[in-house]
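Novice: Provided below for reference: sequence and predicted model.
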Amino acid sequence: RSDSEILGYALDTLYNIICNDEEEEQDENAQKQADDLGAQFTDTFIQDPEHVTLLLTLLEEFDFHVRWPGVKLLTALLKNQGVQVQGIILVSPMGELMDLLADSREVIRNDGLLLLQQLTKSNAAIQKIVAFENAFERLLDIITEEGSSDGGIVVEDCLLLLLNLLKNNSSNQNFFKEGSYIQRMKPWFEVGDDNSGWSAQKVTNLHLMLQLVRVMVSPVNSPGATASCQKSMYQCGLLQQLCTILMATGVPADILTETINTVSEVIRGSQVNQDYFASVNAPSNPPRPAIVVLLMSMVNERQPFVLRCAVLYCFQCFLYKNQKGQSEIVATLLPSTIDANSISAGQLLCGGLFSADSLSNWCAAVALAHALQDNLTQKEQLLRVQLATSLGKPPVSLLQQCTNILSQGSKVQTRVGLLMLLCTWINNCPIAVTHFLHNQENVPFLTAQISENLGEDERLVQGLCALLLGICIYYNDNSLENYTKEKLKQLIEKRIGKENFVEKLGFITKHELYSRAAQKPQPVFPSPEQMLFDHEFTKLVKELEGMITKAVHKSSEEEKKEEEVKKTLEQHDNIVTQYKELIREQDAQIQQLKEQVSSMSSQNEQMQTTLTQQLSQIQQHKDQYNILKLKLGKENQSNSQGDGSQINGLQTEELTQLREEVEELRKQHSLLQTQLGEKDALINTLRSETMQAVEGSAEGSDNTELLKELEALRSQVQSQSAEINQMTAERQELLRRAEAGSSDAVAGSDGSLDAAKMAELDSRLAAQTAETERLKEEAKSSSEARADLEQQLASATSTVAILQTEKSKLQTEVQESKKEQDDLLMLLADQDQKIHSLKSKLKELGETVDDEDDLDARDQTDDDDEEEDDEDED
């Protein structure tokens, strides 16, 4: 083992014994014999798995004479007995195998690529291990170093290894996408303007690169993974690069064909990619949409068959799950949108549909069927299409023209294409069925075709005619009296026979080409003559065959019963839907009410807090008021003993101002009393309405609590109003005392005038108070009458809203009351200030000012004197 030279000779010898590659040409028998001999020697070698393990450890040797023959020997073993050798290698460390890709000696690196190709064939477990050993990064680096698509055989080997790792391996595909390796593929497809003279190696490399893109977006992959890769390819500009190749000149035909197939799968089912493809224009003068240019190739019989198949596949992928694209294609056929100066997709399809080339007929029919696939709107729109057949004759509908060509007995391929188009068109579209049956010649033609005993070639046409007639029965809305469901079934029974009809219907799925077309969406046919079935149509047949068989065998009574059951189920579904809607609405209302109650509860808490603060402030104001009143009484008594004429001048001016303020306060008090009366009436009304709403509402308890809180608020407002009244009366009493104190110094006429004015004010206040009480009684009786009349019309939601509004109004009134009290206090403070100024003036004049205790005593004496004077006057 330590002698690297003899080790290399030993490995070379083993390779020569096992390898089957002979440089000299041999006949087939000799080659087969050599293959068998190589397989036998390989079996002998791997009988002991330790031999393979030993060989793997020898690959760790850096010596060229050991590593290179070791790589070649392991490759030969894998070629001869791949599965068995893979099983042994799978349980051994594989790190040294990945190191081969980083070997600086190109011979070993390149043979290492061939070794990994053999190792990863059809073994998902080894593919995953190799991928997670950073194979993608190393392979993409080698491709870049070797010149991408312009590189040699090494690039081809790297691409083949990448295909091995990614094909049918969802785990590796996801790893490739998540590692942002899709973005590194874009530079591969950058081609110049001059595309002439491509080498065979470049064509091979680009072909493999396109296959690699297709592996990532293959329709057989999971839809989610495919959609994610399609999105990445659009975002990194790979799709745009492929479309550039598509429209470039001088690109070899097989590369162009494979590029069309690749673009097809990159846009299939992806709305964003499909919209982009629809916007691509060919660099012609004037520019034409890429779709139109491709369709021109499809309906041109001089183009290669594989290219025409690729264009059809591209068109199908463009329309797959793309209702917007379907509507745009059908719109080019409608009378209102036809442009005589340009060729449209619709015109090309119609031209292909009615050309002399049967392959163009078939391709155009299938392409048009894909524009109608699962799209009821476009099926109905296509009924509007009118065709001008010849000069002097009226136009005929597209539907009629298709049936006309059918009845003329054209080639089988043409008739199969037209029948597939008609079946797709009228399927699940009762209006189209009615249009088809309206032509009196169609049903006799179909029954004649089905009932005849024709040759093997015509069997498929018979089966498709049976399918078309079956669709006419199944989706018949019985609008034509001559061709109702029942009459068509009777016709089948008389002319064809039910069993015979079902047998002919089965000819479709029994056809040898049916199963091939059902395998994958891409239309791949060995020759143009075998181009008969479309993949999407095979799915439609599978869906309809059983349904039509049942429909034909059903009796009219069974159908009636089914119709009744359907109607009953529909009615039941409608009722359930209505109840669901009602429950949703009620849930929404309940939720809304809960939210309102919650918000009002929080507002109520805030108002309670505010009221508590206001009550404490009112108490403080009352205390301050009492102190001011006491001071004012004492100061008035002391002022009455001063200089009569001077005091008279000051007091008369102040009294006039005070009278005006008292008058204003009385007006405000009267207004407030009126408003309180109205609020009392409204609250009583709301109380009765709320009690009525509570009886039928789940939210009753919450509303009762709100009413209690509102009642408490009202009582608090009434108590505050009473306090305001009391304060007003006390102020009036103070004024009266002040006037009485200064009466000795004031002239008689002035005193009597002031007394008369005060008496008048008192009488007006008494009258207003009486009027307020009367209005209160009237409002109360009115509110009770209104409560009796409107009790049943109340609702919980409106009650809650009104209560909320009233709370805010009452809160506003409380604020206004507070403001009025503040104004009164300010007024008293001004008066107190004036009294102080009077005291100071008295002192300046030499008058003595008594203390507060003497003032209290004197105030009491003055009160007694006033009472005696009143008695004397009486």
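Specialist: That came through fine.

Novice: State the distance from the most centrally placed residue in the chain to Phe277.
Specialist: Residue closest to the average C-alpha location in the chain (C-alpha atoms, centre = their mean): Gln271, at 15.2 Å. According to C-beta to C-beta, to the nearest Å, Gln271 and Phe277 sit 11 Å apart. The C-beta positions use only the backbone N, C-alpha and C, and glycine is treated the same way.

Novice: Glu486 too?
Specialist: Taking C-beta to C-beta, one finds Glu486 at 48 Å from Phe277.

Novice: ok, those two, which is more surrounded?
Specialist: Taking neighbours as other C-beta atoms under 10 Å, Glu486 and Phe277 compare with Phe277 leading, 26 against 14.

Novice: now for the helix or strand encompassing Ala551, which elements pack on it?
Specialist: Assigned by DSSP states H and E, Ala551 falls within helix 535-553. If contacts are counted by 3 or more C-beta pairs under 8 Å, 6 or more residues apart in numbering; DSSP states H and E, helix 535-553 sits against helix 358-372, helix 412-426, helix 459-474, helix 485-495, helix 498-505, helix 507-510, helix 512-519.

Novice: Any chance of these in a markdown table with mean pLDDT and distance to Lys776 as columns?
Specialist: Formatted as a markdown table, these follow (pLDDT from 0 to 100; distance: least, C-beta to C-beta, whole Å):
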| stretch | mean pLDDT | distance to Lys776 |
| --- | --- | --- |
| helix 358-372 | 97 | 81 |
| helix 412-426 | 96 | 82 |
| helix 459-474 | 95 | 81 |
| helix 485-495 | 92 | 81 |
| helix 498-505 | 93 | 92 |
| helix 507-510 | 93 | 94 |
| helix 512-519 | 92 | 91 |
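
Novice: Looking at those helices, which is nearest to Gly147?
Specialist: helix 512-519 (37.4 Å; C-beta to C-beta).

Novice: For the stretch 151-300 of the chain, give me the ranges with low pLDDT.
Specialist: Flagging of the stretch 151-300 of the chain using pLDDT under 70 yields the residue ranges 193-196.

Novice: Ok, the stretch 751-874 of the chain next?
Specialist: For the stretch 751-874 of the chain, applying pLDDT under 70 flags the ranges 751-762, 765, 767, 771-772, 775, 778-779, 781-783, 785-800, 849-874.

Novice: For Phe501, see how far away the closest residue to Leu349 other than its chain neighbours is.
Specialist: Distances taken as C-beta to C-beta, 6 or more residues apart in numbering put Ala364 closest to Leu349, at 4.8 Å, once the chain neighbours are dropped. Per C-beta to C-beta, Ala364 is found 30 Å from Phe501.

Novice: How about Glu106?
Specialist: 70 Å.

Novice: Leu116 contacts Cys158, doesn't it?
Specialist: No: counting by C-beta atoms under 8 Å, Leu116 stays clear of Cys158, with 9.8 Å between them.

Novice: Which parts of the stretch 51-200 of the chain are helices?
Specialist: 64-80, 82-90, 95-99, 106-119, 124-130, 136-145, 153-166, 170-178, 200-216 (DSSP state H, counting those that start in this stretch).

Novice: Now do the strands in the chain.
Specialist: With DSSP state E, the ranges of strands along the chain come out as 281-282, 288-289, 386-387, 396-397.

Novice: So which of these is the most surrounded?
Specialist: The highest mean neighbour count among the strands of the chain, using mean count of other C-beta atoms under 10 Å, belongs to strand 288-289: a mean of 18.

Novice: Note down every partner strand of that one and its orientation.
Specialist: The strands beside strand 288-289 in its sheet (DSSP bridges) come out as strand 281-282 (antiparallel).

Novice: My read is that Ser228 contacts Lys177, right?
Specialist: Yes: the pair Ser228 and Lys177 passes the contact test of C-beta under 8 Å, sitting 6.3 Å apart.

Novice: tell me, what's touching these two both at once?
Specialist: Common neighbours of Ser228 and Lys177 are not found (criterion: C-beta atoms under 8 Å, 6 or more residues apart in numbering).

Novice: before we move on, the earlier item: the strands of the chain into JSON lines, with extra columns for distance to Asp36?
Specialist: Shown next, in JSON lines, are those (distance: least, C-beta to C-beta, whole Å):
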{"stretch": "strand 281-282", "distance to Asp36": "56"}
{"stretch": "strand 288-289", "distance to Asp36": "59"}
{"stretch": "strand 386-387", "distance to Asp36": "66"}
{"stretch": "strand 396-397", "distance to Asp36": "68"}
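
Novice: higher neighbour count, Glu106 and Phe501?
Specialist: Phe501 (24 against 9).

Novice: dump the residue contacts of that one.
Specialist: Neighbours of Phe501 in contact, by C-beta under 8 Å, 6+ apart: 450, 466, 469-470, 492, 552.

Novice: which one of the helices of the stretch 51-200 of the chain is the most hemmed in?
Specialist: helix 64-80 (a mean of 23).

Novice: still on that earlier bit, verify the stated contact: the residue nearest to the centre of the chain with Asn322.
Specialist: Yes: contact between Gln271 and Asn322 holds when scored by C-beta under 8 Å: they sit 6.6 Å apart.

Novice: Give the intersection of the neighbour lists for the two.
Specialist: With C-beta under 8 Å, 6+ apart as the test, Gln271 and Asn322 reach no residue in common.

Novice: Tell me the span between the first and last residue of stretch 349-364.
Specialist: This stretch, stretch 349-364, spans 5 Å end to end (C-alpha to C-alpha, to the nearest Å).

Novice: I'd like the helices of the stretch 51-200 of the chain written out as JSON lines, with distance to Leu632 added.
Specialist: Output for the helices of the stretch 51-200 of the chain, formatted as JSON lines (distance: least, C-beta to C-beta, whole Å):
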{"stretch": "helix 64-80", "distance to Leu632": "119"}
{"stretch": "helix 82-90", "distance to Leu632": "111"}
{"stretch": "helix 95-99", "distance to Leu632": "107"}
{"stretch": "helix 106-119", "distance to Leu632": "112"}
{"stretch": "helix 124-130", "distance to Leu632": "102"}
{"stretch": "helix 136-145", "distance to Leu632": "99"}
{"stretch": "helix 153-166", "distance to Leu632": "103"}
{"stretch": "helix 170-178", "distance to Leu632": "90"}
{"stretch": "helix 200-216", "distance to Leu632": "99"}
